[in-house]
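*Asks:* Any chance you can model this:
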Amino acid sequence: MMASGKLPQLHRNFCIEYRGKSYSSGLLEQLLDALCLRLQARGLAPGMVVASMGRQRWLNALLLFALPRAGCIFFPVDPALPEHRRRQLLLAARADMVLADDACMEGLKADSARRAPEQELEPDAVHLLLATSGTQGQPRVVELSGRNLAASVLASCKRLNLEQGDAWLACLPLHHIGGLSIFLRCAHAGAKAVLVDRSDPVILKETLMQNRVSHLSLVPTMLHRLLKADSSFRPPAALKAVVLGGASATPALVEAALKLGWPLCPSYGLTETASQVATLFPPPRQWQPGCAGLPLEHVEIAVCKDSNIVFVRGASVATHARCLDGNQQKLTDEQGWLNTRDLGWLDNRGQLHILGRDDDVLISGGENIHPQLLEQELSNCPGIEQIAVSALEDAAWGDALVALYCGSENAEQVAAWARSNLQGGYVPKRFIKVEALPRNAMGKLLRTEVKELVRKVVQRE
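*Replies:* Alright, predicted model coming up:
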């Protein structure tokens, strides 16, 4: 079904569980037809880019399958973004139709008597547009083709042993590839996708127990909240893989989860690669910080010896993105390699280890400091729950390191721990306690906003 790169076909055993109701593949086919017909009555035509900015996750799940059938491109947009940024993204994506609310879902019913004309996108055509996280500045809209998505789905299902009868709990945002790919994998494998509206720890625990969930995707923030809400909770026996990605995880968090029996599978992927590039499966008993496991079979990974920059190429790698200035950006070089801008290394087994971003590097007292590595060390300080390292310009140090953190300890206590456990330029010059760190919907630190928060805090003092 997936070899051609066409994604709309649904495995006969695929179903979606949502709000206590199970939607079989046959029922879903009828709902997809009804949704296409309703949108066509509003002017939908082949070749259009359809943007969805509503908050109803169920709508995005259906649009993911419906729009390629109608020959249209799906562009889900984070509804929490500021209005000016959403306008910019709509212009960059060249959106033809915008679903700003969920009115198109009102009264939508399956009808076996009415079939929408199928005008499927070709495998090499763009099927999905996704805005990158914009953690470093201006985001871009990545073009993912049917072949990109199909290659990723096939490799992911094989690596994670997703089979008929399995169930994947879908709690990630559905304007990110991590959340959307769950449905594509389940549709291919004939598994069940269990959709929830919120990632509340109580809801997740109940859903895990009631649906015999076998697979779960989390970002570190979600895992932290799960463990903090009930440290005595043990994952059910049916759970065989918890794909942990979207942001870097602290060693303390991963160690705590592994001790409680969570089958964590640290993973590395990008929007530009249609999700997973490397995943550590089966779940490790012990974890080396930064290790994301072996590359999936559909991609190659290379690391530059001089700069440690990670390059990826393969069938799932997007070749182009749409920029805010209206131009199209080539993402890969002549050999098909994508510069991920991430730093890493490959061990003697071929496993990928991620160090951080190349544009995150700080130079303090002549030392190159990778914030992510320093954050991992500082997270070992008792009472630290979350931490982010940034810097202020300084005549003597160049980058004077500043650590923002959430936790129970005061700044003096954290500073004393750092002086006892770190050396030289690796000891931040200031520690600032905050209520929360700026993150996007996938839990990634927004480092530009972290730096701005540091500047504002210092100005107020």
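*Asks:* so how far is stretch 282-301 off the chain centroid?
*Replies:* Put simply, stretch 282-301 sits 16 Å off its chain's centre (Cα atoms, centre = their mean, to the nearest Å).
*Asks:* err, stretch 305-315, not the other one
*Replies:* 20 Å.
*Asks:* Any idea how far apart the tips of it sit?
*Replies:* Using Cα to Cα, to the nearest Å, the span of stretch 305-315 from its first residue to its last is 24 Å.
*Asks:* Then stretch 325-342?
*Replies:* End to end - Cα to Cα - stretch 325-342 spans 25 Å.
*Asks:* Now find how far off-centre that stretch is within its chain.
*Replies:* That offset, for stretch 325-342, works out to 19 Å (Cα atoms, centre = their mean).
*Asks:* I'd like the mean pLDDT over it, please.
*Replies:* What stretch 325-342 shows for mean pLDDT is 94.
*Asks:* ditto for stretch 242-254
*Replies:* Rounded mean pLDDT across stretch 242-254 is 88.
*Asks:* Please apply the same query to stretch 373-390.
*Replies:* 91.
*Asks:* And for stretch 83-92?
*Replies:* Mean predicted confidence for stretch 83-92 is 90.
*Asks:* tell me the domain boundaries of the protein?
*Replies:* 15-356, 361-460 (automatic domain parsing).
*Asks:* Leaving out chain neighbours, which residue sits closest to His11?
*Replies:* Nearest residue to His11 in three dimensions, chain neighbours excluded: Gly190, at 3.8 Å (Cβ to Cβ, 6 or more residues apart in numbering). In this view, the C-beta of every residue, glycine as well, is placed from N, C-alpha and C.
*Asks:* Tell me the confidence at the one you found?
*Replies:* 97.
*Asks:* Could you list the low-confidence segments of the protein?
*Replies:* 1-8, 133-139, 365-366, 396 (pLDDT under 70).
*Asks:* So which residues make contact with the lengthiest helix in it?
*Replies:* Longest helix in the chain by number of residues (criterion: DSSP state H): helix 25-41. Here helix 25-41 makes contact (Cβ atoms under 8 Å, 6 or more residues apart in numbering) with 8, 10-16, 23, 44, 50, 62-63, 65-66, 69-70, 97, 104-105, 108-112, 114-116.
*Asks:* Helices - which of those residues land there?
*Replies:* 62-63, 65-66, 69.
*Asks:* Out of the residues you listed, the closest to Leu373 would be?
*Replies:* Set against Leu373, the nearest of the ones in helices among the contacts of helix 25-41 by Cβ to Cβ is Leu63 (39.8 Å).
*Asks:* Check the gap between the residue nearest to Met53 when sequence neighbours are not counted and His176 for me.
*Replies:* Leaving aside its chain neighbours, Met53 sits nearest to Val77 (4.7 Å; criterion: Cβ to Cβ, 6+ apart). Distance of Val77 to His176, given as Cβ to Cβ, to the nearest Å: 11 Å.
*Asks:* Who has more neighbours out of these two?
*Replies:* Taking other Cβ atoms under 10 Å, Val77 and His176 do not tie; Val77 has more neighbours (25 against 22).
*Asks:* Could you tell me the phi and psi values at the more buried one?
*Replies:* phi -120, psi 140 (degrees, to the nearest 10).
*Asks:* Check the one 10 residues further on too.
*Replies:* Backbone torsions of Arg87, given as degrees, to the nearest 10, read phi -60, psi -40.
*Asks:* Near it, how many residues? Count them for me, please.
*Replies:* Around Arg87 there are 11 residues (other Cβ under 10 Å).
*Asks:* Spatially, which residue comes closest to Thr221, not counting chain neighbours?
*Replies:* Gly443 (3.8 Å).
*Asks:* is it true that the one you found touches Leu223?
*Replies:* No: counting by Cβ atoms under 8 Å, Gly443 stays clear of Leu223, with 9.2 Å between them.
*Asks:* What segments of the stretch 151-300 of the chain are strands?
*Replies:* 167-170, 192-195, 215-218, 241-244, 264-270, 275-279, 291-295, 299-303 (DSSP state E, counting those that start in this stretch).
*Asks:* Same check on the stretch 1-150 of the chain?
*Replies:* 15-18, 21-24, 49-52, 73-76, 97-99, 126-131, 141-145.
*Asks:* repeat for the stretch 301-450 of the chain
*Replies:* Under DSSP E, counting those that start in this stretch, the stretch 301-450 of the chain gives strands at 309-314, 320-322, 328-330, 338-346, 352-357, 362-364, 367-369, 384-394, 398-407, 430-433.
*Asks:* Pull the contacting residues for the residue lying closest to Ser248 once chain neighbours are set aside.
*Replies:* Nearest non-adjacent residue to Ser248, counting by Cβ to Cβ, 6+ apart: Gln372, 5.2 Å away. Contact analysis of Gln372 by Cβ under 8 Å, 6+ apart lists 248, 290, 354-357, 360.
*Asks:* picking that back up, the residue nearest to Met53 contacts Leu130, doesn't it?
*Replies:* No: applying Cβ under 8 Å, one finds Val77 not in contact with Leu130, separated by 9.4 Å.
*Asks:* Now for those two: what residues contact both?
*Replies:* Common neighbours of Val77 and Leu130 (Cβ under 8 Å, 6+ apart) are His175.
*Asks:* So what's the residue count around Ser112?
*Replies:* 10.
*Asks:* What sits closest to Glu163 if chain neighbours are left out?
*Replies:* Per Cβ to Cβ, 6+ apart, closest to Glu163 is Ala189, 6.0 Å.
*Asks:* Would you mind listing the residues in contact with the one you found?
*Replies:* Contacts of Ala189 (Cβ under 8 Å, 6+ apart): 11, 14, 157, 162-164, 166.
*Asks:* Can you say which of these are buried?
*Replies:* 11, 14, 157, 162, 166 (16 or more other Cβ atoms under 10 Å).
*Asks:* so what's the third one up against?
*Replies:* In other words, Cys157. Counted by Cβ under 8 Å, 6+ apart, Cys157 has contacts 185, 188-189.
*Asks:* Repeat the analysis, applying 10 Å as the threshold.
*Replies:* 2, 163, 166, 184-186, 188-189, 191 (Cβ atoms under 10 Å, 6 or more residues apart in numbering).
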